[in-house]
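K.L.:
Below are the sequence and a predicted model; questions follow.
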Amino acid sequence: MTSNFSSTVAGLPRIGAKRELKFALEGFWNGTTDGRALAQTARQLVNSASDALTDLDSVPFAGRSYYDAMLDTAAFLGVLPARFDSIPDHANDGLPLWIDRYFAAARGTAEQPAQAMTKWFDTNYHYLVPELAADTRFVLDASALIEDLHCQQVRGVNARPVLIGPLTFLSLSRTTDGSDPLDHLSELFEVYGRLLQSLDSEWVQIDEPALVTDLSAELLAQVRAGYQKLAAREGIFVNTYFGSGDQALETLAGIGLGAIGVDLVTHGITALEAWKGEELLVAGIVDGRNVWRTDLCAAFASLKRLAARGPIAVSTSCSLLHVPYSLDAEPNIDTEVRDWLAFGAEKIREVALLAQALAGNIDTAAFDAASTALASRRTSARTAASTQELPGRARGSFATRVALQEEALQLPALPTTTIGSFPQTPAIRSARARLRSGALTQAEYEEAMRGEIDLVIKKQEELGLDVLVHGEPERNDMVQYFAELLDGFLVTANGWVQSYGSRCVRPPVLFGNVSRPAPMTVSWFEYAQSLTKKHVKGMLTGPVTILAWSFVRDDQPLAATADEVALALRAEIADLIAAGAQIIQVDEPAIRELLPLREADKPAYLKWSVDSFRLATAGAPDEVQIHTHMCYSEFNEVISSVIALDADVTTIEAARSDMQVLSALKSSGFELGVGPGVWDIHSPRVPALSEVSGLLDAALQSVSPRQLWVNPDCGLKTRGWPEVEAALKVLVAAAEKARAELGAAI
């Protein structure tokens, strides 16, 4: 009989504390290292992750992942996109036989685009969207996972395989023929039944975060029936996170599962009435998404109440994928704020402390230290509530604005532009590193960045772009840059988390009251504008995205924090306008990703997120054109809020989704300017003229030529100059071709 465990975490990061997987991947892709080195790095990271959990009695284990867990699942289920079927299997020094198709699906090829990519529920992690069809058949091959599991068992690790569940996998998939991915649910449960029998481990974890979303009674009944069959194998642990576990318990409790996991952080400890103590309740009470220290006393009290009802294990609310590895890598963090924080290693320790306390061994010193830190945070002057009055949030009507802007800007039809950033070259990164080390003075660094701006402006003029950007060479990251210049934030030196594939970010920590001590972007804008007669956009990151891509305060409402950021940006916009900016872009790529998972919670969020953007931008006079940018999100369900932002131009990701978002714009009566991305910059390929022209033609079926802008679907910082120049030449040529074909119609 399967024995219960008492302490674990929901999952672990894959990228490595020093981004080892990132560098191994990029070396493999560019041919400087071989498959053996990549496979060895991935295995070493799995081993070190397991070794970090010696204080816990159950270890989550997902095997070696080379890009994304959803893509891993598609690979071992045999449903990588059919357009890559011609890429043959071959032995590759310890990598899976399908690795070339796997990376083609993630990154595209010269001939074929990559899979679509979007955000994992309401996080800033991206996943690759599986592509299915009505006639899809699953061909199970879990040999790589089984091999990796055996390696852990040989090492003496009590490894618990972690799988993405059938419901979640299908809920997050798309079909190429308009069928419903969930039509495959019964079939996929049968495939999982075979998979589970092949895994020789005491416990198997199946992640079903989709169970915290709104689901029909009919679908929940199917899920219950599917898991009832899987429960014939002992040791099945179904885990949920990112929302209340009540619905999951109502669906799954009492059917013979070994354990059910619930997130007790996102919505707090709700009634959990459906849990009668028959299964092990894996209580996710340590926050896996944010970086604040756990209130150990309060958590222990909650756990004791639950333990009185049945067996429980202490865990994190979700995978530690979403937080940095350890505070040990951050010796220079502000000492007051440091005591308030817990990164991955510290959260693992908190789980162990709580499990030990439940077993009757309370570490009084650790509990007292947590209480002291929490009291310090509550009483600090840096976290006191703001009393600032808020100005208005409205501009003139769009009809008035568009007439004034057309006269002021004098742009051609289908104007071309980019999203903001240009390649962060080795020279730029070297200059930034030398500034940090003291090898460059601030004045020398700024002179080097002005040289980069010279190059970017010259290149854009040569390419024939209509509205220019300064390229953002001085910005390491679109959120971190502003966090370094605003009061109320701290930035880490090594607080890396995975965003997608080899892409990593260091989210700032928003710990206190936000204010702008000085202008942040004005001097860079002024210099760029002095180099050209064309309009240069002022470039800012919006309040919602700054919150979404930071570790935010949990001691006041997000709406209040968003307004503090918005006021700082409003002051920056005023200074940009005073410096001559006629176009200002306030990026909000994350506005969709923070959308709550339950319908009942969405209206309140959409109101404050729209309000904060309008608070930031409403001070701009009507003749100044406000742009915003959104990327890699499902926009259709928030289209009314995109309209409510009242930005004059919205640029969006559309290349990977074949302009599907435009049908929503058309049906909504969208009249504002829009720039659906016609070049997928996340894939290392240059699109053909026919491809970009086809996307523009599709766009013109949904919006008028007067509304349409032509642009890539995201910033260009991760791309190299040769592909950037080649792709932008195609983009400009496609715009000129479309103008010629429209002729008098524009």
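P.N.:
Alright, I've got the coordinates.
K.L.:
Might you report the residue contacts of T372?
P.N.:
Residues near T372 by C-beta atoms under 8 Å, 6 or more residues apart in numbering: D339. Quick note: C-beta positions are derived from backbone N, CA and C, even for glycine.
K.L.:
Wasn't it part of a strand?
P.N.:
No - per DSSP: H, G, I helix; E, B strand; the rest coil, T372 lies outside any strand segment and is helix.
K.L.:
which residue is nearest the centroid of this structure?
P.N.:
Closest to where the C-alpha atoms of the chain average out (C-alpha atoms, centre = their mean) is N124, at 1.9 Å.
K.L.:
Find the nearest non-adjacent residue to it, please.
P.N.:
With sequence-adjacent residues excluded and distances taken as C-beta to C-beta, 6 or more residues apart in numbering, N124 is closest to W549, at 5.5 Å.
K.L.:
quick one: the one you found and G542, what's the gap?
P.N.:
Distance, W549 to G542, by C-beta to C-beta, to the nearest Å: 11 Å.
K.L.:
more crowded one of those two?
P.N.:
Relative neighbour count places G542 above the other of W549 and G542, with 30 against 23, counting by other C-beta atoms under 10 Å.
K.L.:
give the contact list for the more buried one.
P.N.:
Neighbouring residues of G542 by C-beta under 8 Å, 6+ apart: L569, V586, D587, E588, I591, S612, F613, A616, T628.
K.L.:
Identify the residue nearest it in space, chain neighbours excluded?
P.N.:
Per C-beta to C-beta, 6+ apart, closest to G542 is E588, 3.9 Å.
K.L.:
Confirm for me that the one you found is in contact with I626.
P.N.:
No - under the criterion of C-beta atoms under 8 Å, E588 is not in contact with I626, lying 11.2 Å apart.
K.L.:
Torsion angles phi and psi at N4?
P.N.:
Main-chain torsions, N4, degrees, to the nearest 10: phi -70, psi 150.
K.L.:
wait, doesn't it sit right on A307?
P.N.:
No - in this structure, N4 is not within contact of A307 by C-beta under 8 Å, at 11.9 Å.
K.L.:
ok so, going back, which residues does the residue nearest to N124 contact?
P.N.:
Counting by C-beta under 8 Å, 6+ apart, W549 touches N124, M478, V479, V505, P507, A590.
K.L.:
Is the last one located within a helix, as I assumed?
P.N.:
Read that as A590. No - using three-state DSSP, the assignment for A590 is coil, not a helix.
K.L.:
hang on, it packs against T123?
P.N.:
No - counting by C-beta under 8 Å, A590 sits too far from T123 to count as a contact (10.0 Å).
K.L.:
if you count what's nearby, which of the two comes out ahead?
P.N.:
A590 (25 against 20).
K.L.:
Reformat the contacts of W549 as CSV; add pLDDT, distance to H150 and secondary structure.
P.N.:
CSV is the format used below for the contacts of W549 (pLDDT from 0 to 100; distance: C-beta to C-beta, whole Å; DSSP: H, G, I helix; E, B strand; the rest coil):
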residue, pLDDT, distance to H150, secondary structure
N124, 88, 34, coil
M478, 91, 43, coil
V479, 94, 42, coil
V505, 94, 34, strand
P507, 97, 36, coil
A590, 86, 40, coil
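K.L.:
Now render the residues you listed as JSON lines, adding distance to L215.
P.N.:
What follows is the contacts of W549, written out as JSON lines (distance: C-beta to C-beta, whole Å):
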{"residue": "N124", "distance to L215": "24"}
{"residue": "M478", "distance to L215": "35"}
{"residue": "V479", "distance to L215": "33"}
{"residue": "V505", "distance to L215": "31"}
{"residue": "P507", "distance to L215": "30"}
{"residue": "A590", "distance to L215": "25"}
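K.L.:
Going by the annotation, which residue ranges form each domain of the chain?
P.N.:
54-63+116-381, 409-741 (automatic domain parsing).
K.L.:
among those domains, which is nearest A399?
P.N.:
A399 lies closest to domain 409-741 among these, at 8.7 Å (C-beta to C-beta).
K.L.:
Now do the SS call for the spatially closest residue to P88 that is not a sequence neighbour.
P.N.:
Spatial nearest neighbour of P88, excluding adjacent residues (C-beta to C-beta, 6+ apart): D100 at 7.6 Å. Following three-state DSSP, we place D100 in the helix state.
K.L.:
and D100, what is it in contact with?
P.N.:
With contact set as C-beta under 8 Å, 6+ apart, D100 has these partners: I87, P88, D89, H90, N92.
K.L.:
same deal with F422?
P.N.:
Counted by C-beta under 8 Å, 6+ apart, F422 has contacts V456, K459, V469, G471, E472, P473, L716, K717, V724.
K.L.:
Now it, what are its backbone angles?
P.N.:
phi -120, psi 170.
K.L.:
Show me where the stretch 401-550 of the chain has its helices.
P.N.:
426-437, 442-463, 480-485, 522-530, 543-548 (DSSP state H, counting those that start in this stretch).
K.L.:
Report all helices and strands that the one helix or strand in the chain whose mean pLDDT sits lowest contacts.
P.N.:
Across the helices and strands of the chain, mean confidence by mean pLDDT, DSSP states H and E is lowest for helix 661-668: a mean of 74. On a contact count with 3 or more C-beta pairs under 8 Å, 6 or more residues apart in numbering; DSSP states H and E, helix 661-668 meets helix 639-644, strand 673-676.
K.L.:
in the first one, what counts as buried?
P.N.:
Spelled out, that is helix 639-644. Neighbour-count burial for helix 639-644, counted by 16 or more other C-beta atoms under 10 Å, picks out S641, V642, I643, A644.
K.L.:
Name the nearest residue to the first one, sequence neighbours excluded.
P.N.:
Once flanking residues are discounted, S641 sits nearest to L606: 4.6 Å by C-beta to C-beta, 6+ apart.
K.L.:
Below-threshold pLDDT in the stretch 501-650 of the chain: ranges please.
P.N.:
Flagging of the stretch 501-650 of the chain using pLDDT under 70 yields the residue ranges 632-637.
K.L.:
what are the ranges of the strands in it?
P.N.:
Using DSSP state E, counting those that start in this stretch, the strands assigned to the stretch 501-650 of the chain run over residues 503-505, 509-515, 538-541, 583-587, 625-630, 649-652.
K.L.:
Tabulate those (JSON lines), appending distance to S421 and mean neighbour count.
P.N.:
Below are the strands of the stretch 501-650 of the chain laid out as JSON lines (distance: least, C-beta to C-beta, whole Å; neighbours: other C-beta atoms under 10 Å):
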{"stretch": "strand 503-505", "distance to S421": "13", "mean neighbour count": "16"}
{"stretch": "strand 509-515", "distance to S421": "22", "mean neighbour count": "23"}
{"stretch": "strand 538-541", "distance to S421": "8", "mean neighbour count": "27"}
{"stretch": "strand 583-587", "distance to S421": "10", "mean neighbour count": "25"}
{"stretch": "strand 625-630", "distance to S421": "11", "mean neighbour count": "27"}
{"stretch": "strand 649-652", "distance to S421": "13", "mean neighbour count": "26"}
